[in-house]
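Novice: sequence first, predicted model second:
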Amino acid sequence: EVQLQAFGGGLVQTGGSLRLSCATSGFAFDDYAIGWFRQAPGKEREEVVCIASSDAKTYYPASAKGRFTISRDYAKNIVDLQMNNLKTEDTAVYYCNAGHAEGHNYWGQGTLVTVSS
């Protein structure tokens, strides 16, 4: 059974930090790119950051550059997202996703991040 469990969300003040983790099982972790997405109330889900499968290359959109860092542990099949200097606009439910070049795609349940001013 494929599982992606995101955890580490919580309430933090503006400027604070949180570390999210996505624990995975049930699929070939090394063969999948892992992405973090988020969905704020009333908004569409958007990609936050992505890390490639084999070479761990990372992609950061402008909103995340310099504040967010993604990393993956191939031994533990876990992907972490370190978020620093959080802003109120980062408030959202954060989801992790595993994607394969052949089209397989898995989602985990979300973890809520709330940034208060």
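Specialist: Alright, I've got the coordinates.

Novice: can we go C-alpha only for contacts and neighbour counts from here?
Specialist: OK.

Novice: dig out what the most centrally placed residue in the chain forms beta bridges with.
Specialist: Centroid-nearest residue in the chain, with Cα atoms, centre = their mean: Trp36, separated by 2.6 Å. On the basis of DSSP bridges, Trp36 is bridged to Val49, Cys96.

Novice: might one say that it is in contact with Arg45?
Specialist: No. Checked against Cα atoms under 8 Å, the pair Trp36 and Arg45 is beyond contact range at 10.3 Å.

Novice: how near is the residue nearest to the centre of the chain to Gly8?
Specialist: 13 Å (Cα to Cα, to the nearest Å).

Novice: Ala92 too?
Specialist: For Ala92, the distance to Gly8 (Cα to Cα) stands at 13 Å.

Novice: please enumerate the shared neighbours of those two.
Specialist: Common contacts of Ala92 and Gly8, defined by Cα atoms under 8 Å, 6 or more residues apart in numbering, are absent altogether.

Novice: which one's more surrounded, those two?
Specialist: Shown here are Ala92 and Gly8; by other Cα atoms under 10 Å, Ala92 has more neighbours (21 against 15).

Novice: just checking, what packs against the one helix or strand in the chain whose mean pLDDT sits lowest?
Specialist: Least confident helix or strand of the chain, by mean pLDDT, DSSP states H and E, is strand 58-59 with a mean of 89. Applying 3 or more Cα pairs under 8 Å, 6 or more residues apart in numbering; DSSP states H and E, one finds that strand 58-59 contacts strand 46-51.
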